[in-house]
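>>> structure of the sequence below:
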Amino acid sequence: MAAVTQRPEAREVWANRLTITIAVGVASLLVGLIVSSLVNAVGPWDLSFWPFLLSAFAVVGVLATPRGAVLWHEAERRDEVASLARCLVAHGWDCGLRAEDRSLVVLNVTTSADGFSAVVKVPRGLTTDHVKKAETSLAACFEALSCRVTPSGRADLCEVRVLFSDPLGAVEWRDTPGRIGETHDGPAIWHPEHGNAVHLLIAGPTGCGKTSATLGLVATLCADKSAQFAFIDTKRTGFAQFRSGSRVAAVATDHVEALALLENVHAEMLRRFQLLEIRRAESRHELPPDVRFGPLYLVVDEVASLLAEDLPGEDAKSAKERVRSSRAILANIARLSRQTSIFQILAVQRPDVALLGSSGEFRDNVTARLGFSLSASGREMLFGPEWRSLAMSGQPGHGHFQGQPSDPLTPLPVAVPMVELWQVRQALGVRD
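Numbers count the residues shown, from 1 in each chain. Below you'll find the predicted structure:
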């Protein structure tokens, strides 16, 4: 294993622990002195020991509270991660470069709940081959979602950034509207109003994380207080519980309701166009506050179920007409609705031609794609033929997102946060 220069582990963590302990102790000591003085002034009791006893109880009590325990646990975890990072960086680097005589110094380890970054000093400059080998080996050592090795301005320094394979509970889903998850370069963001990725298609087999991705995204989009949502869930997998939400315009759980909902959304799109024309505005942001509309997100849990033609009790002619109408409305919304701030979030198990049409126009208008555990043909249909050989994790909640504003054509590895259902209900304003 390559030699690693050791430094005091997690120095800032211990400083934080000491600061908490001293602050609590001093505060409780002052309170104890004041209480002792007041008691001595009105009675004969000697409470000179009280301030010191109170300090001890206060320190233990604060650290025993749930919040104190969490703070202490996080400090210990950061300490552990910092130590582990130094050892594994050395091991992974050595395995990747196969250089017994190399030594390195791991500097400035910065840890978080979802990973860490470190500045690594190497004895000579990095080549492209060095970087690729180190990234592959380090990602395997950490069992990480991704690892990025970035050469710095100096030839003997580089930055290593590792995103763990399980950062899911650490994502603050409220913080960033449109936040889908985490990539190795930061959050994956879907900006339908401000970028070219107007509508979102989520694809993957059962159990891969599509529903979690959809619900997590809905929760973040609720950060915009003017946003409204319409849900279509013909599989009846859970969206019906959102009916009473103050942010929910409608929920459809059968095919008759679904077609009526689509027609209503299409009529709302035309109404918004008329309003923009009358007010001579190009977008909702130019409208007066009293008539300004908010974004409307049409969420379809399984497009294949919505467009099914083999429903029991429905004749073939009616089924074909219903499917034709549903597909036409979806395609027209995808084609025209950006100016009216109506956006689609569509989930499918397989993004094939039979579902999305053979012309390619509908697929081309749904320009943001999130894929989980897809086959080679599925990756080609979702991301394009050049990504047929894209390596996918296969782990639930880990996929690839195409549509990042900084790099809209490249599918980037992304970890989707596991948002609790009560959080989504709360964000949508559902009352029990």
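
>>> quick check, E193 in contact with S341.
Yes. Here E193 reaches S341: they are 6.3 Å apart, a contact under Cβ atoms under 8 Å. C-beta: built from backbone N, CA, C; applies to glycine.

>>> higher neighbour count, those two?
Taking other Cβ atoms under 10 Å, E193 and S341 do not tie; S341 has more neighbours (21 against 15).

>>> mind checking pLDDT for that one?
Confidence at S341, expressed as pLDDT, is 94.

>>> next, it: phi, psi?
Phi and psi for S341, reported as degrees, to the nearest 10, are phi 60, psi 40.

>>> before we move on, what about the one 5 residues further on?
In this entry, L346 is assigned phi and psi values of phi -110, psi 130 (degrees, to the nearest 10).

>>> ok, it - contacts?
Each residue near L346 by Cβ atoms under 8 Å, 6 or more residues apart in numbering is listed here: H199, L200, L201, I202, V300, V303, L330, V366.

>>> which of those has the largest number of neighbours?
Within the contacts of L346, I202 tops the neighbour count with 29 neighbours, counted by other Cβ under 10 Å.

>>> which residues does that residue contact?
So I202 contacts K210, A213, T214, I345, L346, A347, V348, R369, L370, G371, F372 (Cβ under 8 Å, 6+ apart).

>>> closest to A188 among these?
When those are compared for distance to A188 (Cβ to Cβ), L370 wins out at 8.3 Å.

>>> and whichever strand or helix holds the closest one, what does it pack onto?
Counting by DSSP states H and E, the element that carries L370 is strand 368-371. Judged by 3 or more Cβ pairs under 8 Å, 6 or more residues apart in numbering; DSSP states H and E, the packing partners of strand 368-371 are strand 200-203, helix 376-383, strand 398-402.

>>> switch these over to JSON lines; also include mean pLDDT.
Shown next, in JSON lines, are these (pLDDT from 0 to 100):
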{"stretch": "strand 200-203", "mean pLDDT": "93"}
{"stretch": "helix 376-383", "mean pLDDT": "88"}
{"stretch": "strand 398-402", "mean pLDDT": "89"}
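
>>> picking that back up, so what are the sheet partners of the strand holding L370 and their directions?
Neighbouring strands of strand 368-371 in its sheet, by DSSP bridges, are strand 200-203 (parallel), strand 398-402 (antiparallel).

>>> helices of the chain, start to end?
11-42, 50-64, 66-97, 128-142, 210-221, 255-279, 303-306, 316-336, 353-356, 361-365, 376-383, 421-428 (DSSP state H).

>>> how near is the nearest residue to G195 once chain neighbours are set aside to H191?
Leaving aside its sequence neighbours, G195 sits nearest to P405 (Cβ to Cβ, 6 or more residues apart in numbering; 4.7 Å). The gap separating P405 from H191 is 6 Å, by Cβ to Cβ, to the nearest Å.
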